[in-house]
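Novice: coords please:
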Amino acid sequence: MKKHIFEQKVYYSDTDAYGVVWHGSYLRWLEAGRVEWCEMNGHNLIELKEMDIVLPVVNLNVRYKSSAKLNDNLIIETWIKKFNNLSVTFSQVIKSRETGKIFIEADVDVVAITNNGKLYRRMPEVLAEIFEKELEKCPVSV
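Specialist: Presented below is the predicted three-dimensional model:
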């Protein structure tokens, strides 16, 4: 299974009044990981939109384990956990580059809709092939 992995430094604008990463910053990095995973697999969101495919998040389960702080260097990992022809579940982890300490674990469910908001009853084939191929590979350990 292919993971998309990227690094992110925590900047002052990512933190809150308590000096730790604001919860919304994690969501931005999770989104970036999913977008980059799609691009790594040959599909950017603009091209998908031109094919009348939009991928909204319909469920987001985030488990906050620990707080990252200013100047921490993070690793964001993204991979496919589950696919059922209607939706795909991305698993994601945000952790410390230096220590490996996990800050966030997340499962994110995504569906496909048309540009006008109509739900596809089956994931469009162009995406279903990629998701099925990924799940045929060996599971990834977190």
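Novice: so the spatially most central residue of the chain, which of the three states?
Specialist: Geometric centre of the chain, nearest residue: residue 34, 3.3 Å, by CA atoms, centre = their mean. Here residue 34 is recorded as helix under DSSP: H, G, I helix; E, B strand; the rest coil.
Novice: per-residue pLDDT, the closest residue to it other than its chain neighbours?
Specialist: Among residues not flanking residue 34 along the chain, residue 90 sits closest, at 5.4 Å (CB to CB, 6 or more residues apart in numbering). All C-beta atoms are positioned from the backbone trio N, CA, C, and that covers glycine. We have a pLDDT of 97 for residue 90.
Novice: now residue 90: how far from residue 79?
Specialist: 7 Å (CB to CB, to the nearest Å).
Novice: low pLDDT regions in this structure?
Specialist: The model of the chain has pLDDT under 70 over residues 1, 138-142.
Novice: okay, and residue 18 sits in which element?
Specialist: If you go by DSSP states H and E, residue 18 is not part of any helix or strand.
Novice: adjacent strands (with direction) for the helix or strand hosting the residue nearest to residue 34?
Specialist: Following DSSP H and E, one finds residue 90 within strand 87-96. Here strand 87-96 is paired, per DSSP bridges, with strand 73-83 (antiparallel), strand 102-111 (antiparallel).
Novice: what about stretch 111-120, how long is it end to end?
Specialist: The first and last residues of stretch 111-120 sit 8 Å apart, counting by CA to CA, to the nearest Å.
Novice: still on that earlier bit, tell me how many other residues crowd the residue nearest to residue 34.
Specialist: Other residues within reach of residue 90 by the criterion other CB atoms under 10 Å amount to 21.
Novice: that one: what's it in contact with?
Specialist: Contacts for residue 90 (CB atoms under 8 Å, 6 or more residues apart in numbering) come out as 33-34, 37, 78-81, 106-108, 110.
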